[in-house]
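J.: just need the structure, nothing else, for what follows:
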Amino acid sequence: MASLTEILILRGIVPIEKLDTVSGSSAEDDGQVLELLDRGDITPSQIASARAAQAGLPFVELLDYPIDRAAVAMVPPAMCRRHEVLPIGIVANTLMLAMVDPGDVFALDDVRAASRMQARPVVAERSDLRAAIDRYHRADGELVSLSTALEEESSGTDLVLSSAQQEASEDDAPIVRFVNLLISQGIQDHASDIHIEPGEFELRVRYRIDGVLHEMQTAPKAVTNGVISRLKIMSDIDIAERRKPQDGRMSVSHGGRTIDLRVATLPTVFGEKVVMRILDNTVTGMGMEELRLLPHNFEAYRSSYTKPYGMILVTGPTGSGKSTTLYTTLHAVAKPEINVITVEDP
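T.: Have a look, this model is predicted:
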């Protein structure tokens, strides 16, 4: 069986000169790989992919993988964290299990016992796997309990909260806690957007992470009006108007940072849909070099934004970095000797 270093050399990731130092010892091979990682010559993802090739198993990147929530629910959260595993799908009555170490037989045995299914390991990078476990297990228990509390509170009828009722509500009210948790979880998961979509039988919540929408939570249909009204109050949007699209803005504090959210509502057949774009104000502390533009593009852009006149159009699809580019440029040009005025809508 080829060593990790040999696989990395064959893939052109590590210089072939390293082949002379490869030994037959697996401990020495692991030590060499860790040394290359510490020096920044290779990435954790490349190591995980090589480890998968060494074991003859598939390698998955969980951010892009369509994870089956039904499969996730088959293994308790505590077991997933203890063994660093996550079920990601069911194929031919076999549980697909993302693992850091596919040779961990104890983890495989525990998962088989918990799910009562055969488990087939696939390899994932450790930080990617931990982030996925957090995404699917971290707040699920609390969200489910809040959904239950909201359902009991509604007693089978729609929750329609007036502005006065919303403002007078306590911070620990189920609706307030539910909305706060959805927003804080989206920020922690580095989502660019939060989609709150009413359906015929339930309220669905999805996060856009790295350009891909991930379904995170569902809530009882009865709480739709209460959740939407809470978000509209926070965004200074007219809660009485439900027949036309509206835009608003809110700011929240998370982990000592101020996070802006652009909020848009859109009427649908089953109620108003809300989309929140998360704008992290900490990007204003970035330098222009951190945008990682190609050298010739950077020079062309710098010569444009340093001129005393003119107009720059920044265009691109959702999540491409338009707001980040503008925030960073604004930070670069805002100096005591220059008067800067910004106009935003919303």
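
J.: what about the closest residue to residue 288 other than its chain neighbours, distance to residue 308?
T.: In space, and not counting its chain neighbours, residue 288 is closest to residue 332: 5.4 Å by CB to CB, 6 or more residues apart in numbering. In this view, the C-beta of every residue, glycine as well, is placed from N, C-alpha and C. Here residue 332 is placed at a distance of 15 Å from residue 308 (CB to CB, to the nearest Å).

J.: now the strands for this structure?
T.: 85-91, 94-99, 118-123, 193-198, 202-209, 212-220, 246-254, 257-268, 271-280 (DSSP state E).

J.: in CSV, list these along with mean pLDDT, mean neighbour count and distance to residue 240.
T.: Converted to CSV, the strands of the chain look like this (pLDDT from 0 to 100; neighbours: other CB atoms under 10 Å; distance: least, CB to CB, whole Å):
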stretch, mean pLDDT, mean neighbour count, distance to residue 240
strand 85-91, 91, 21, 44
strand 94-99, 91, 22, 47
strand 118-123, 90, 19, 51
strand 193-198, 94, 21, 18
strand 202-209, 88, 20, 20
strand 212-220, 79, 18, 23
strand 246-254, 90, 15, 11
strand 257-268, 91, 16, 12
strand 271-280, 90, 20, 12
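
J.: which of those strands sits closest to residue 12?
T.: When the strands of the chain are compared by CB to CB, strand 118-123 sits nearest residue 12, at 20.1 Å.

J.: could I get that closest one in CSV with only the CA atoms?
T.: Extracted in CSV, the C-alpha atoms of strand 118-123 (Å, rounded to 0.1, in the frame of the first residue of the first chain):
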residue,chain,number,x,y,z
GLN,A,118,-24.6,-1.5,7.8
ALA,A,119,-22.3,1.5,7.6
ARG,A,120,-20.0,2.3,4.6
PRO,A,121,-17.3,4.8,5.5
VAL,A,122,-16.3,7.8,3.3
VAL,A,123,-13.5,10.2,4.3
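
J.: so where's the protein shaky on pLDDT?
T.: Residues of the chain meeting the criterion pLDDT under 70: 1-2, 11, 14-30, 39, 138-172, 281-285, 319, 345-346.
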